[in-house]
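[1] missing the sequence, but the structure's below:
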Ligand SMILES: Cc1cc2nc3c(=O)[nH]c(=O)nc-3n(C[C@H](O)[C@H](O)[C@H](O)COP(=O)(O)O)c2cc1C
Ligand code: SF4
C-alpha cells in the first residue's frame with residue numbers, strides 16, 4: 001500500500017480519542033428524524049456506514065435549541081431525546097465507529113412551524129426567504145443579552161451531548177447558519193463589538209467555542225466546520241478563511257473542517273456537480289415557493305462542475321497556516337484522492353456523497369489503491385432532505401434499507 005493510504009488507514013488520535021482510520025462520515029442531514037426523534041432508518045443509515053469501516057460518523061444538525069432548527073423535523077438537544085441518542089451511539093459503537101454530533105443553530109434561516117420565538121434571529125435584521133410561506137418572513141437582530149443567552153445555549157447543548165455519549169462534537173461555523181451569519185460581512189451589519197472587522201465578527205464564534213470547550217473540558221475532541229468562502233459578493237473570502245482558522249485555533253479547536261458556500265446564498269459551491277434546482281422544484285409542494293424558486297433559482301444555484309478534491313487548493317492555505325488538526329472535505333471519491341489529501345498533510349477526510357453511494361468505501365479503498373467510487377454527483381440525494389422518507393442514493397437505493 002502506498003504510504004499516504006497507509007497513513008489514512010492507520011489508527012489516528014483526536015484529542016485523546018482513537019479512531020480506527022482517518023475517514024469521517026460528513027454531516028449529511030438525512031431527513032429521517034420526523035418530529036425531532038431518531039428513526040430506525042436514520043440509525044440504520046449510520047450503522048451501515050459504520051459497518052463499512054469509517055473511523056467516525058457524524059450525526060448531522062443537532063440543533064442547540066428548539067428555535068435553532070431549520071424545521072420541526074430536526075433534532076434539538078434536550079432531555080426528551082436522551083434515550084434515542086444513547087441507543088443511536090451504542091449502535092454505532094458496536095460497528096467500531098466513533099460518533100460525532102454536528103452542533104448547530106440556524107439563526108435567521110428557518111421555516112420551523114413550531115417556532116417558539118417571535119421571529120428567527122441572526123446577526124442583523126434580514127428577510128428570511130426560507131420562511132416566507134411559513135409565517136416567518138422577517139428575521140431580527142440578536143440583542144447583546146440574547147447573544148449571551150445563545151452562547152449559554154450552545155454550552156448547555158454541548159454538556160448534554162457529552163453526557164449522552166458522543167465521542168466528539170463538530171460545531172457548525174459555516175454554510176450560512178447562525179454563527180456564520182456573524183462571521184460573514186454580507187450578513188453582519190452590526191455596529192457594536194460583534195460587527196465590523198473580522199476580529200469583531202468572530203466574537204460570537206469564539207464565545208460559542210469557549211462555552212462549548214468549558215462545557216466538555218480540555219480533553220474532549222472539538223471539530224469546527226467553516227465556510228472558506230461564502231461565494232457571494234461582500235461575503236467571507238478565501239483570504240478571510242485563513243484568518244478565521246487562526247482565530248479558531250487560538251480559541252482551542254482541535255480540528256478545522258474546510259468547507260465552503262452557504263445553503264442560503266450559494267449552495268452549489270459546497271456541492272459541485274448537477275444543480276439542485278430541478279430536484280428541489282420537484283419536491284416543493286407550495287406553489288408560491290415554487291414560483292419564487294424558479295425566479296431566483298438560476299442565480300442561487302450556480303454552475304460549478306464537479307471535480308475530485310475541489311477544495312484542495314484553498315484548504316491547503318489553511319493547512320499551512322495552523323498547527324491544529326485540519327480535515328479535508330469536498331469531492332473525495334477515489335483512493336487516489338485520499339492519497340493526495342493525505343500527502344498534503346491533512347489529518348482527516350470527511351466523506352459525504354461517497355459514503356451515500358458506497359458505504360463500504362473505507363474498507364474497499366483500504367485494500368484497493370485503484371478504488372473509484374461510482375457517485376455521479378447528480379446531487380439527487382441532497383434534493384431529498386425534506387422529502388417524506390429523507391435521503392437515499394438514487395443510484396444505489398437499497399444501500400440503507402432496513403433488514
Ligand atoms: C444529502 C446531503 C445533506 C447534507 N447536509 C449537511 C448538513 O446537515 N450539514 C453540513 O454541514 N453539511 C451538509 N452537507 C454537505 C456535506 O457535509 C459536504 O460538505 C458536501 O457533501 C461535500 O462533501 P462530499 O463531496 O464528500 O459529498 C450535506 C450534503 C448532502 C449530500
Ligand atoms: S444520489 Fe447517489 S449518485 Fe447522486 S450525488 Fe447522491 S450519492 Fe451520488
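    Received the coordinates, thanks. Since this is a predicted model, take the numbers as computed values, not measurements. Numbers count the residues shown, from 1 in each chain. Ligands and ions are numbered 1, 2, ... in the order given.

[2] spell out which parts of the protein neighbour ligand 2.
    353, 356-357, 375-381, 393-395 (CB under 6 Å from any ligand atom). Just so you know, the C-beta spots here come from the backbone N, C-alpha and C atoms, and that holds for glycine as well.

[3] could you identify which of the residues you listed has the most neighbours?
    With neighbours taken as other CB atoms under 10 Å, the top of these is residue 356, carrying 27 neighbours.

[4] got a list of what that residue touches?
    With contact taken as CB atoms under 8 Å, 6 or more residues apart in numbering, residue 356 is in contact with 28, 375, 381, 391-393, 396, 399.

[5] could you redo the last one with a cut-off of 7 Å?
    28, 381, 393 (CB atoms under 7 Å, 6 or more residues apart in numbering).

[6] the first one is in contact with residue 59, isn't it?
    No: here residue 28 lies out of contact with residue 59, judged by CB atoms under 7 Å, at a distance of 10.2 Å.

[7] which one of those two is surrounded by more residues?
    More crowded of residue 28 and residue 59, by other CB under 10 Å: residue 59, with 26 against 22.

[8] confirm the more buried one sits in a strand?
    Yes: using DSSP: H, G, I helix; E, B strand; the rest coil, the assignment for residue 59 is a strand.

[9] what sits closest to it if chain neighbours are left out?
    residue 101 (4.8 Å; CB to CB, 6 or more residues apart in numbering).

[10] mind checking the SS state of the one you found?
    Three-state call for residue 101 (three-state DSSP): strand.

[11] and for it, the neighbour number?
    There are 30 residues near residue 101, going by other CB under 10 Å.

[12] likewise residue 345?
    Count around residue 345 with other CB under 10 Å applied: 12.

[13] let me know the secondary structure of residue 155.
    Going by three-state DSSP: residue 155 is helix.

[14] can you give me the distance of it to ligand 1?
    21 Å (CB to the nearest ligand atom, to the nearest Å).

[15] enumerate the residues of this structure near ligand 1.
    So the chain meets ligand 1 at 26-29, 60-61, 102, 172, 175, 225, 259, 270-271, 329-332, 351-354, 381-382, 385, 391 (CB under 6 Å from any ligand atom).

[16] chain center to stretch 262-276: distance?
    13 Å (CA atoms, centre = their mean, to the nearest Å).

[17] what about it, start to end distance?
    Criterion CA to CA, to the nearest Å; first-to-last residue distance in stretch 262-276 is 13 Å.

[18] on that earlier part again, and the residues of the chain next to ligand 2, which is closest to residue 367?
    Closest to residue 367 out of the residues of the chain next to ligand 2 is residue 357 (18.3 Å), distances taken as CB to CB.

[19] kindly provide the distance from the closest one to residue 5.
    Distance, residue 357 to residue 5, by CB to CB, to the nearest Å: 20 Å.

[20] low-confidence stretches in the stretch 301-403 of the chain?
    In the prediction, the stretch 301-403 of the chain carries no residues with pLDDT under 70.

[21] number of nearby residues for the closest residue to ligand 1 within the chain?
    Residue nearest to ligand 1 within the chain: residue 352 (2.6 Å; CB to the nearest ligand atom). For residue 352, the count of nearby residues is 23 (other CB under 10 Å).

[22] quick one: it and residue 23 touch, right?
    No: taking contacts as CB under 7 Å, residue 352 lies outside contact range of residue 23: 11.6 Å.

[23] make JSON lines out of the contacts of residue 356 and add secondary structure.
    Shown next, in JSON lines, are those (three-state DSSP):
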{"residue": "28", "secondary structure": "coil"}
{"residue": "381", "secondary structure": "helix"}
{"residue": "393", "secondary structure": "coil"}
